[in-house]
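Visitor: below is the sequence, then the predicted model.
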Amino acid sequence: MLELITGRAGTGKTARIMNEIRQAALRGDGNRVLIVPEQYSHEAERELCGTVGDAASLYAEVMSFTSLAQRVDETLGNDGKVLLDPGGRLLCMALALESVSSRLEIYASARRAPELQAALLKALDELKAANITPELLLKTAESCDGALAAKLSDMALLMGAYDIAAGARRIDPADRLTRLLSRLPHSSFGKTGHIYIDGFIDFTAQEAELISALMTRGADMTVCLTCDDLYEGSEVFELSRRTARFLLRAAKKHSIASRVTVLDSDSASAAGFLAERLFTYTDEKYSGDSPVSLFSAETVTDECELAAALAITLVRDGGCRWRDIAVAVRGFEDYRPSLEAAFAYYGVPLFTAKKSDLPSKPLPALIASAYEIINGGWEPDDVFAYLRTGLAGLTAEECDILENYCLTWRVKAGMWLSKKSWRLHPDGYGVDADAGSKARLRQINALRRTAAEPLIRLLERSAAAESASAHAAALADFFEGLNLSEKLAERAETLEADGRLQAAAEYAQLWDIVVSALEQLAAILGDARMDTAMFSRLFLLTLSQYDVGVIPVSLDMVTAGDMDRMRRRHIRHLIVLGASDERLPGEMGENGVFSQDERRALSQLGLALDAGEAEIWREFSLIYNCLSLPSETLTLVTPAYSADGSPARPAFVMNRASKLFGVPIRPADPKAARTQARSPALELALLSRALPEYPPAAAAAEYFRVREPERLQAVLQAVSLSRGSLSSESVKALYGDRLRLSPSRADKFSSCRFAYFLQYGLGAKPRKPAEFSSPEFGSFIHDVLEGVAAEALARGGFGMISGEALDALTDRHISRYISEALDDFADKSPRFVYLFNRLSGSVRRIVADMAEDLRDSAFQPLDFELDFSRLGDLASSPLPEGGSLTVTGIADRIDGWVKDGRLYLRVIDYKTGKRSFSLSDVWHGMNLQMLLYLFMLQKIGEKRYGFETVPAGELYVPARDFILSENTDMTDERIAERRAANLRRSGLLLDDPDVIRAMEPGDAPRRIPVKWKDGIPSGEALASAEGLGRLSRHIGETLAALAREIGRGNIAANPYYKNSQDNACLYCEYAAACRFADGEGGDRLRYLKKLEPTEVWALLEGDCPNG
């Protein structure tokens, strides 16, 4: 007997068969089987137990078609055959492609494309489910032409080759129902009892054939289908209508009695009213209070926060539990991250019915990164993705140490694979090696060996491997070398001890899955030839076919998922997100092997593949079933914008529900939604100051002022806190009892107090590659200039050295630098060597300029690279408020000229950048370097040089080559003239004719920034002795003021600002840590006015307060 129970959604079809089973159980009549779609089996089991009681298992059981096949196999035996898992199936497809690739027309390239192999496997599943054989494909191909004929021929070849690859000892899951059909006559299943089938819209050809066979076994059969009429009615039921007619024809064919029971819909309920009229054109309105709510939200985040707020309201005011609420989205994965984040933020328990993504787990991630490394160029991202899995033998701190070095020196494959130890300084160019840096380098080399050796072994073994089994052995050896099984077991134990049972269960599964996949790959592919790239892609794609099961942490949770996961749930309240016309119904995309046009053509030729109308009907049926589920309320939310940013249109179901229930689509207020949960409400309360007229913010603020004033006050203080200041103990801990202030430190503090604190207090360093840029080029030039000048003086001065000898001397010191600082270009790219050699040409010209200058000048070098930190107490002075200030730093060159028993001192600074001297900067406490050295030497000069010293000035000497541009060709004379102009110094000099002529004789100086007029030197770079004295006092007062502020713990973010192109924040290396916001929490820009030299001298003479 076949009974069809039909009716619209919500008419009680499932309840009817559950009650029949219950009545049979009460009579002691068992052998009842309920067959449902596999994803609903658990829900059906719960409902059966709830209806029948604890003894349900004695009289009835729930099955899917898959579990039915498994039951028959268990009864009759498997003959030693093994069921292929998802990874094994993909490997069989790879082997099939390998065997027939030379005969394929369209898919020959799939042999080297694992992703395409997965698509072909999906197509094979669809063909098998439709009972389409290779022979039928070849026959159909004869009626086609072009690409479609070639596709059908290729798929026929692949289906046959795939079955051969699977072999006689393996069972393909796609063949289980076909196998079940062939074994059914030998089984007792279905000979007695009653078979119920529920939850299906339609059946695949395999399922339909199996149902037809079950009809003839002797057991009664009842099939529930959601439809309005067997021959006419709404198109949404067309698939179920066709299924019903097929079942009646099958019963008639086998002479089996049949009847159709039609259940009337309950139009009085909201769900019934909506279900009956959703796909009609009636204007009838619902008469009661509307249980339907419609919203429009601006963003996906707003949609998800609204859903969380609604869930809280329903539980608090509606008397339901979390498990009575469901959230449905068509295309759920697009919403998953935002939905999980929103529900966590609102404190709503959410279960998203997912399986954990295996490739993102540590072990698969380690394998993927390892192959990216050996197949690629040992790129830093790949190397440290591998190391940071925690399974490669390094701690997180050790990874940081190694990564910093690799980032500094742009470490590539050559350095990783080299057998030589790394010898470059951990801090980059221009830094002298000491005991500490050498110890760090030894540690880095040890970490490098730990990281690289297993990878190098994998690289070597993989390079020698030619077959899949050889590659599998190489990977297994890699696992053993890293001791992965023990590491994963230890981590699982640790997680379990910490109470993180779900994570521990995941780790326990990982090793078994990976090893099983590797063993299966070696067994199935065996001697199939492939290179490392092919093997790695195939193995990783194989791993992607597996899931790690996730167990819900509670039974009382809101359930969220795609619409097709909601059809069997008993739901009181349903919230549907993403209700726009681009999702409801979903687009019929061109996915898979066959296009929509090809599917329609094949359907007309008799191959029953879903196409066109059938897919649309299935989509509408899915929407209908889902929206019919809630017994109390339905909420639909449409986004205001589509994924591409264009305005979105509400789905037809939104507009239809609006008309049927007489409710408008209201704009959601995401801020008002935040009043429903504590954490969002507290955030909303903080907005009450900025939005005093916004009622939800005011209400939230009032709530916390009355109920939790301490919490509100603590949060308000936290968000309005300034950066504050350091305690005296912290100042001493960070800076020491004796404050050391170099010119660069003074510049940094004057530039921004917070940047000074980060750099010199916390010792924070930006992570950046070692580049031979301005600072490093400066160190290179300084090194060569110092070496050349010292050797020239030892030979009697530059006047005693010819141009050729000077070039040779320069080249020798350049070679020395390359050997000592650059390790003779070890591990340097050809591009680096080329660019460095270009720089060497610039250095020769700069040395020649220095030599010419010193040949002409009476001032001669006294010190090179004078380190003030080595002068001890000579560079120290007491502070007015106690303690002392020690000046540190290195002066590039100190020149001197003796006249009348007095030593005139000049400080030289080589500048590879574009900085020039600015008296305005000095007034504001910046760029004090040269003058600070000059005035310090004035104090200690007699002890150091044996003469009374007089400050003669300071000069910035350009130490860079210039690119000259002109519209027309230039003569050699013009080039020399332009180059000389670019080499003109800037600075501040003593306004004394004798001193000026001693620096550069003649009436037309080319180097120093002075002009002669009527026998008197002139220019803004000149300062009287009295002016230099005032400037010295101003700098001393400025340093004392800076020292006081440092001592008081000032760490305010007060960056200087001159203009958009000259301010402390423009190129600040600490911007990411600072997060400066002018006007917030005490952060303030410090605007500096550019002063002309005359203004500065006037301020100094007027004894105005300094900067």
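Guide: Looks like it arrived, so ask away.

Visitor: use CA for all of it now, contacts and neighbours both
Guide: Noted.

Visitor: show me the strands in the stretch 151-300 of the chain, by range?
Guide: 170-171, 194-197, 220-226, 258-262, 292-297 (DSSP state E, counting those that start in this stretch).

Visitor: looking at these, which is buried most?
Guide: strand 220-226 (a mean of 24; mean count of other CA atoms under 10 Å).

Visitor: quick one, that one and strand 258-262 angle?
Guide: If you take axes from the mean of the first three to the mean of the last three CA atoms, to 10 degrees, strand 220-226 sits at 40 degrees to strand 258-262.

Visitor: any idea of the mean pLDDT for strand 220-226?
Guide: Strand 220-226 shows a mean pLDDT of 96.

Visitor: with only the CA atoms kept, save that strand in PDB.
Guide: Presented in PDB, the C-alpha positions along strand 220-226 are these (Å, rounded to 0.1, in the frame of the first residue of the first chain):
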ATOM      1  CA  ASP A 220       3.400  -0.300   3.400                       C
ATOM      2  CA  MET A 221       4.800   3.000   2.400                       C
ATOM      3  CA  THR A 222       3.700   6.600   3.300                       C
ATOM      4  CA  VAL A 223       5.400   9.600   1.600                       C
ATOM      5  CA  CYS A 224       4.800  13.200   2.700                       C
ATOM      6  CA  LEU A 225       5.100  15.900   0.100                       C
ATOM      7  CA  THR A 226       4.500  19.600   0.400                       C
END
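
Visitor: that strand - contacts with which helices or strands?
Guide: Applying 3 or more CA pairs under 8 Å, 6 or more residues apart in numbering; DSSP states H and E, one finds that strand 220-226 contacts strand 2-7, strand 194-197, helix 238-253.

Visitor: could you rerun that using 6 Å?
Guide: Counting contacts by 3 or more CA pairs under 6 Å, 6 or more residues apart in numbering; DSSP states H and E, strand 220-226 packs against strand 2-7, strand 194-197.

Visitor: so how far is the last one from its chain's centroid?
Guide: Averaged C-alpha coordinates place strand 194-197 at 50 Å from its chain's average position (CA atoms, centre = their mean, to the nearest Å).

Visitor: any idea how far residue 783 lies from residue 810?
Guide: Here the criterion is CA to CA, to the nearest Å. By it, residue 783 lies 11 Å from residue 810.

Visitor: do residue 999 as well
Guide: Residue 999 is 24 Å from residue 810, by CA to CA.

Visitor: repeat that for residue 347.
Guide: For residue 347, the distance to residue 810 - CA to CA - is 71 Å.

Visitor: of all the residues in the host helix or strand of residue 304, which ones are buried?
Guide: Taking DSSP states H and E as the definition, residue 304 sits inside helix 300-317. For helix 300-317, a neighbour-count test (16 or more other CA atoms under 10 Å) marks 300-314 as buried.

Visitor: before we move on, what about stretch 597-604?
Guide: 599-602.

Visitor: about what we covered before: okay, residue 347 and residue 810: which has more neighbours?
Guide: Neighbour count, other CA atoms under 10 Å: between residue 347 and residue 810, residue 810 has more, with 23 against 16.

Visitor: quick check, the more buried one in a strand?
Guide: No: read with DSSP: H, G, I helix; E, B strand; the rest coil, residue 810 is helix and lies in no strand.

Visitor: got the contact list for the helix or strand residue 995 falls within?
Guide: Assessed by DSSP H and E, residue 995 sits inside helix 993-999. By CA atoms under 6 Å, 6 or more residues apart in numbering, the list of residues contacting helix 993-999 from outside reads 857-859.

Visitor: now those in a markdown table, with distance to residue 378, neighbour count and secondary structure?
Guide: Converted to a markdown table, the contacts of helix 993-999 look like this (distance: CA to CA, whole Å; neighbours: other CA atoms under 10 Å; DSSP: H, G, I helix; E, B strand; the rest coil):
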| residue | distance to residue 378 | neighbour count | secondary structure |
| --- | --- | --- | --- |
| 857 | 55 | 16 | coil |
| 858 | 57 | 19 | coil |
| 859 | 54 | 21 | coil |
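
Visitor: need the longest helix for this structure.
Guide: Ranked by residue count under DSSP state H, the longest helix found in the chain is helix 435-464.

Visitor: give the residue farthest from the middle of the chain.
Guide: When distances are taken from the C-alpha mean of the chain, residue 900 lies farthest, 70.7 Å away, according to CA atoms, centre = their mean.

Visitor: ramachandran coordinates for that residue?
Guide: As for residue 900, its main-chain torsions (degrees, to the nearest 10) stand at phi 50, psi 40.

Visitor: got the contact list for the spatially closest residue to residue 691 that is not a sequence neighbour?
Guide: Excluding its sequence neighbours, the residue lying closest to residue 691 (CA to CA, 6 or more residues apart in numbering) is residue 697, at 7.1 Å. Counting by CA under 6 Å, 6+ apart, residue 697 makes contact with 684-685, 688.

Visitor: and of those residues, the nearest to residue 11?
Guide: residue 684 (44.8 Å; CA to CA).

Visitor: neighbours of the closest one, just the number please.
Guide: Quick note: residue 684 (other CA under 10 Å) scores 22 neighbours.

Visitor: got phi/psi on it?
Guide: Backbone torsions of residue 684, given as degrees, to the nearest 10, read phi -70, psi -40.

Visitor: need phi/psi at the closest residue to it other than its chain neighbours.
Guide: Leaving aside its sequence neighbours, residue 684 sits nearest to residue 697 (CA to CA, 6+ apart; 5.3 Å). Backbone torsions of residue 697, given as degrees, to the nearest 10, read phi -70, psi -40.

Visitor: cool, thanks, signing off.
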